[in-house]
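Asker: 3D, please:
(one chain, ligands or ions: 1)
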Amino acid sequence: MSAADPKTLAERSEEIYRDYEFTTVRRWKERTGGLAIGYMPIYVPRELLHAQGCLPVGILGGGDDLEIIRGDAFYQSYICHIPRSTIELGLNGSLDCLDGMLFPAICDVIRNLSGIWKLKFPDKLSRYLDVPQVFEPELGGMFYRHELEELASELERRGAKPLEPEALRESIRVFNENRALVREVYDLRIREPWKVPSAELYVLMRAGLVLPVEEFTAMLREYLDGVRADEDRKPMDQARILLTGSFCEQPPLGLIKTLERAGCYIVDDDLVQIHRWLLHDIPEDGDPMDRLVQAFLDDSMESPTRYIDERGKGKELVERVEGSRAEGVIFCAPSFCDPALLDQPMVVKAVEKAGIPWTAFKYAENNGQFQVIREQAGTFADSIKLWSGV
Ligand code: SF4
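Answerer: Numbering: from 1, shown residues only. Presented below is the predicted three-dimensional model:
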């Protein structure tokens, strides 16, 4: 059998990610009768939802397709865009297929959104998922385990299966398999970025937010086979860039394409972060709930939404620059994103100390004009090519 065409897979993925009717989710519900549970960025324990027979559905706002009619009325003008478009999706019926929403603790905006959700959709499950900022097992671990047990009970009251340890162990295994393939495709992009264009990788990861994990895993396998077999993908003289700051509200796809067309290979990024939030596999032995909790405490990505103490802000980014052999950093954050923009000066300090070139701009998920960004990114890529290492 010949390998699947990666472009066709990317086109299919883009259709899925732009489908605000959530057709794949509706079909899954018809097929299984299970609960579909939406979640906001960045991290939720998808393994637990899966073990209870639920479909985790990542909701990352409305992108550049959605006209905001009522969503603006809920937020001041100096707040980022993602809560407006999420409310809009709720009010226009797009999210009717969801039986509930989880709002992980990221920032005050998401906390407020969880409150608005409770008021507007009182019959649906709506839960603010508090995650620990203290990482000792006997403190943060106990707290987080309690949160997860409460979540499991609430899901069960809504009709999900009870949480059984063996089912959770199996779900951990299923997600480990998926994470391994995600790592493989990102590693391939570091080695041969011309094989894995970031615009393609992005839509694939977005589709993976709404598809059942088993289907997403099969899709990743097909994609990897396809790009490895595709001999038409040749290297070009592009600057290797690490893109950071886009961990919550996502940039429009056009912005990612613009960066690539402006001469950048994006070799690492923060986009659709949940697929890479845990850095390694979760051990499949021992008590599975303990393992899930421990993985969050010890093996999560460093993020502006997590407390970072003695290591200091920016060290992890410098390590990622080294690990991905990036030649420069683009700080690319949503307008008015407090976690990203408050961290940025501290991270810039570390990046400058390490002698890494950088530039910065902001976006909103519904931006449609990229000319200025194209010129800025193009100049940045050219300056790296001309002067880096001189
Ligand atoms: S984009 Fe930033 S400020 Fe807005 S909800 Fe996300 S983390 Fe919070």
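
Asker: buried sites along stretch 302-314?
Answerer: Using 16 or more other C-beta atoms under 10 Å as the test for burial, stretch 302-314 gives 302-306, 308, 313-314. Using the backbone N, CA and C atoms, a C-beta is placed for each residue, glycine as well.

Asker: TSV please, covering these and showing distance to the ligand.
Answerer: Formatted as TSV, the buried residues of stretch 302-314 follow (distance: C-beta to the nearest ligand atom, whole Å):
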residue	distance to the ligand
Glu302	15
Ser303	10
Pro304	8
Thr305	7
Arg306	12
Ile308	16
Lys313	16
Gly314	18
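
Asker: just those now: which is nearest Lys29?
Answerer: Among the buried residues of stretch 302-314, Thr305 lies closest to Lys29 (C-beta to C-beta), at 30.4 Å.

Asker: Endpoint to endpoint, stretch 65-79 covers what distance?
Answerer: 19 Å (C-alpha to C-alpha, to the nearest Å).

Asker: ditto for stretch 268-282
Answerer: Stretch 268-282: ends 23 Å apart by C-alpha to C-alpha.

Asker: swap in stretch 236-245?
Answerer: 26 Å.

Asker: Between which two of the buried residues of stretch 302-314 is the distance greatest?
Answerer: Thr305 and Gly314 (15.5 Å).

Asker: Leaving out chain neighbours, which residue sits closest to Phe74?
Answerer: Ile87 (5.3 Å; C-beta to C-beta, 6 or more residues apart in numbering).

Asker: Next one, pLDDT for the one you found please.
Answerer: According to the per-residue confidence, Ile87 scores 96 in pLDDT.

Asker: Show the subsequent helix or strand relative to the host helix or strand of it.
Answerer: Taking DSSP states H and E as the criterion, Ile87 maps to helix 82-91. Note on helix 82-91: by DSSP H and E, the next helix or strand toward the C-terminus is strand 100-104.

Asker: Now that next one: buried residues?
Answerer: Result for strand 100-104 [16+ other C-beta under 10 Å]: buried residues 100-104.

Asker: nearest to Arg46, of the residues you listed?
Answerer: Leu102 (10.1 Å).

Asker: What are the contacting residues of the helix or strand encompassing Thr8?
Answerer: Following DSSP H and E, the helix or strand that holds Thr8 is helix 6-17. Helix 6-17 is contacted from outside by 24, 63, 199-200, 203-204, 206-207, 209-211, 219, 222-223, 226-227, 230, 253, using C-beta atoms under 8 Å, 6 or more residues apart in numbering.

Asker: Could you do stretch 225-233 as well?
Answerer: 2-6, 9, 188, 192, 194-196.

Asker: Among those residues, name the buried ones.
Answerer: Using 16+ other C-beta under 10 Å, the buried ones in the contacts of stretch 225-233 are 4, 6, 9, 188, 195-196.

Asker: Per-residue pLDDT of the closest residue to the ligand within the stretch 251-390 of the chain, please?
Answerer: Nearest residue of the stretch 251-390 of the chain to the ligand, counting by C-beta to the nearest ligand atom: Cys337, 3.2 Å away. For Cys337, the pLDDT comes out at 97.

Asker: neighbours around it, how many?
Answerer: 26 (other C-beta atoms under 10 Å).

Asker: Now for Lys124: which residues touch it?
Answerer: 98-101, 117.

Asker: Try it again at 10 Å.
Answerer: Lys124 makes contacts with 37-38, 90, 95-96, 98-101, 117-118, 158, as judged by C-beta atoms under 10 Å, 6 or more residues apart in numbering.
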